[in-house]
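> no sequence on this one, just coordinates:
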């Protein structure tokens, strides 16, 4: 199981130059696990820079790979990030 740091997800969605091994890890969805807190961090970052389109893309991809943490759903964290940046 692979977990990708939120900072690398951000670089990936910004299409910045990141190592091919990171891209391969992200694309290997069979071994990918996305902690819900990582999803929150990525969503929050894109909202903070005013890119709601990328924020929505980030939370919609690989939804079945998002892991629940102590009953906190991705929808709950997205709501929290939205409140913070609205």
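It's in. Here the structure is a predicted model, which is why all the values come from computation and not from measurement.

> Nearest spatial neighbour of residue 18, chain-adjacent residues omitted?
Closest residue to residue 18 apart from its sequence neighbours, by Cβ to Cβ, 6 or more residues apart in numbering: residue 11 at 4.9 Å. Glycine gets a C-beta too; all of them are placed from N, C-alpha and C.

> what about the one you found, which helix or strand?
For residue 11, the host element (DSSP states H and E) is helix 6-13.

> where along the chain do the strands fall?
34-35, 66-67 (DSSP state E).

> Just checking: what are the partner strands of the first one?
Counting by DSSP bridges, the strands paired with strand 34-35 are strand 66-67 (parallel).

> thinking again about what came up before, the helix holding residue 11 - what's its average pLDDT?
Across helix 6-13, pLDDT averages out at 93.

> helices and strands around it, which ones?
Packed against helix 6-13, as judged by 3 or more Cβ pairs under 8 Å, 6 or more residues apart in numbering; DSSP states H and E, are the following elements: helix 20-27, helix 36-48, helix 52-60.
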